[in-house]
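>>> Here is my input; please provide its structure:
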Amino acid sequence: MNGLMCLPTSLTALRLLLVPVLWWTVLGGYLWTAFGVFAVACLSDVLDGFFARRFDCVSRFGAIFDPFVDKIFMLSMYALMFVAPTMLSIPWWFLILMGLKELLLSLGALYFGIVKKVIAVSAAIPGKIGGFVQGVFVLYWFVAVILGPRVFVVFGLGRGLWLLMWGMRLFYGLMVLSVVANLAAFLFYLFTFFSQRTLNK
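Predicted coordinates:
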C-alpha cells in the first residue's frame, strides 16, 4: 500500500497538525482543551501502530515519518512545559537533555533510512517504556496545573499546602523517572545502532 496514502500515515500527519494547536491552547491558557489535544495525539499514536500491523500498511516513509513526528510533538510539549506561565515547569537542563537525545536518535534513524536504505530499529521495549513514562509525566503535568490552584478552595490552606508539596515531589519524581527510562532507551538504541553498523559494513 502506498505509504503516503494509508491510514496510519494520515493519523501521523494529524498528529503533526496538532502541534500548532497545542501551542495555541497551552499559551492561551486553554489547558483543558490542550489536555484534550494531547490525549487525541496519544490516541492517534496508538492507532497508527495498530492499523499499520492490522492492515500491513508499512512503508519506509511511514517508518521514518512516524518517529519524526513523535519527536516533534514531544519536544514541543516539553518546550511548552518550560515556557508556559503555570505553577509547574521543567528545568532547562531537562529540555536540553531530551532534545539532544531525540536529535541523536533522529540522526541515527536517518543514516539507516536514507544512507543504508533500511529501517534500522523498530520500536523496542525500552523505547516503549520510555515513551509510556513520558506520556504519564506530561499527563500528570496537565492534571497538576489544571487542578493545583483549586486545592485550597476544596481542601483549605493546611491540607492544600500538604497536597501541593507532595504533588510537586511526585512531579519531579516522574521527571527523574522519565530521564532514567529515556537514558536506558537511548543506550539500547545506541548499542543497536553500532551493532547494525558493524554488520552492514
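>>> Please, where are all the helices along this structure?
For the chain, the helices defined by DSSP state H cover 7-27, 31-54, 60-83, 92-110, 125-147, 151-199.
>>> Tell me the pLDDT of the spatially most central residue of the chain.
Centroid-nearest residue in the chain, with CA atoms, centre = their mean: Met74, separated by 3.5 Å. pLDDT for Met74: 91.
>>> I'd assumed Gln134 was in contact with it.
Yes - at 6.1 Å, Met74 and Gln134 qualify as touching, with contact defined as CB atoms under 8 Å. For every residue, glycine as well, the C-beta is placed using N, CA and C.
>>> mind checking how far the lowest-mean-pLDDT helix or strand in the chain is from the chain centre?
Ranking every helix and strand in the chain by mean pLDDT, DSSP states H and E puts helix 151-199 at the bottom, with a mean of 78. Computed by CA atoms, centre = their mean, to the nearest Å, the separation of helix 151-199 from the middle of its chain amounts to 12 Å.
>>> Now do it: which elements does it pack against?
Packing partners of helix 151-199 (3 or more CB pairs under 8 Å, 6 or more residues apart in numbering; DSSP states H and E): helix 92-110, helix 125-147.
>>> Just the CA coordinates for the shortest one, please, in PDB.
This points to helix 92-110. Coordinates of each C-alpha in helix 92-110 appear next as PDB, following Å, rounded to 0.1, in the frame of the first residue of the first chain:
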ATOM      1  CA  TRP A  92      16.200  23.900  31.200                       C
ATOM      2  CA  TRP A  93      18.600  21.000  31.600                       C
ATOM      3  CA  PHE A  94      15.700  18.500  31.100                       C
ATOM      4  CA  LEU A  95      14.600  20.200  27.900                       C
ATOM      5  CA  ILE A  96      18.200  20.200  26.500                       C
ATOM      6  CA  LEU A  97      18.800  16.600  27.600                       C
ATOM      7  CA  MET A  98      15.600  15.400  25.900                       C
ATOM      8  CA  GLY A  99      16.400  17.500  22.800                       C
ATOM      9  CA  LEU A 100      19.900  16.000  22.400                       C
ATOM     10  CA  LYS A 101      18.600  12.500  22.900                       C
ATOM     11  CA  GLU A 102      16.000  12.900  20.200                       C
ATOM     12  CA  LEU A 103      18.400  14.700  17.800                       C
ATOM     13  CA  LEU A 104      21.000  11.900  18.100                       C
ATOM     14  CA  LEU A 105      18.400   9.200  17.600                       C
ATOM     15  CA  SER A 106      17.000  11.000  14.600                       C
ATOM     16  CA  LEU A 107      20.400  11.200  13.000                       C
ATOM     17  CA  GLY A 108      20.900   7.500  13.500                       C
ATOM     18  CA  ALA A 109      17.500   6.700  12.000                       C
ATOM     19  CA  LEU A 110      18.200   9.000   9.000                       C
END
